[in-house]
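# based on what follows, work out the 3D shape:
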Amino acid sequence: MTLYKYIEKNPEYFREYNKMYYQNNVEYYKAYAKKYNKNNADKIKEYKSQKMTCECGKTFNITNKIQHQKTKIHEKLIEKLNNINIV
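Numbers count the residues shown, from 1 in each chain. Reported below is the predicted structural model:
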């Protein structure tokens, strides 16, 4: 039996194992994230400042995509576009 099949057959065990592993190594993960963010500050800043144009026509930062898609303005514009395409 391969490892992947074993994991598929025992998802609860591995979910609990991963949770415990993270709890036992949380300081390592925090230090790693802090080091990564420090070393890649320029890339992160560049990514967060990217502009994106939605299919509804609005422009926003890429990090606000989900927030934008939940707005009533977006939903109304998409609904109008869908109605135009249907007719």
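
# now do the end-to-end distance for stretch 63-77.
21 Å (Cα to Cα, to the nearest Å).

# oops, could you answer that again for stretch 4-17 instead?
Terminal residues of stretch 4-17 lie 15 Å apart, using Cα to Cα.

# what's the spacing between it and its chain's center?
Here stretch 4-17 is found 24 Å from its chain centre; the criterion is Cα atoms, centre = their mean, to the nearest Å.

# got the domain boundaries for the protein?
Residue ranges for the domains of the chain, per automatic domain parsing: 3-39, 51-86.

# averaging pLDDT over each of those domains, which comes out lowest?
Lowest mean pLDDT of the domains of the chain: domain 51-86, a mean of 90.

# and that one, what's buried?
Residues of domain 51-86 classed as buried: C56, F60, H68, H74, L77 (neighbour count, 16 or more other Cβ atoms under 10 Å). C-beta coordinates here come from the backbone N, C-alpha and C atoms, glycine included.

# and that domain, how far from the chain's centre?
On Cα atoms, centre = their mean, the centre of domain 51-86 falls 18 Å from that of its chain.

# before we move on, which element is H68 in?
Secondary structure from DSSP states H and E places H68 in helix 65-69.

# out of the buried residues of domain 51-86, who's nearest I7?
Distances from I7 to those, taken as Cβ to Cβ, are shortest for H68 (36.3 Å).

# residue contacts, the closest residue to that closest one other than its chain neighbours?
Spatially, and ignoring its direct neighbours in sequence, H68 is nearest to F60 (4.9 Å; Cβ to Cβ, 6 or more residues apart in numbering). The contact partners of F60, taken as Cβ atoms under 8 Å, 6 or more residues apart in numbering, are K51, M52, C54, H68.

# pLDDT score for V87?
The model reports V87 with a pLDDT of 55.

# how much space between the spatially closest residue to G57 that is not a sequence neighbour and N83?
Leaving aside its chain neighbours, G57 sits nearest to L77 (6.6 Å; criterion: Cβ to Cβ, 6+ apart). Plainly put, L77 is 11 Å away from N83 if you go by Cβ to Cβ, to the nearest Å.

# ok, back up a step: for the helix holding H68, output the C-alpha coordinates as PDB.
Extracted in PDB, the C-alpha atoms of helix 65-69 (Å, rounded to 0.1, in the frame of the first residue of the first chain):
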ATOM      1  CA  LYS A  65     -10.400  40.300  -5.000                       C
ATOM      2  CA  ILE A  66     -12.600  38.200  -2.700                       C
ATOM      3  CA  GLN A  67     -13.800  41.300  -0.900                       C
ATOM      4  CA  HIS A  68     -14.800  42.900  -4.200                       C
ATOM      5  CA  GLN A  69     -16.600  39.800  -5.400                       C
END
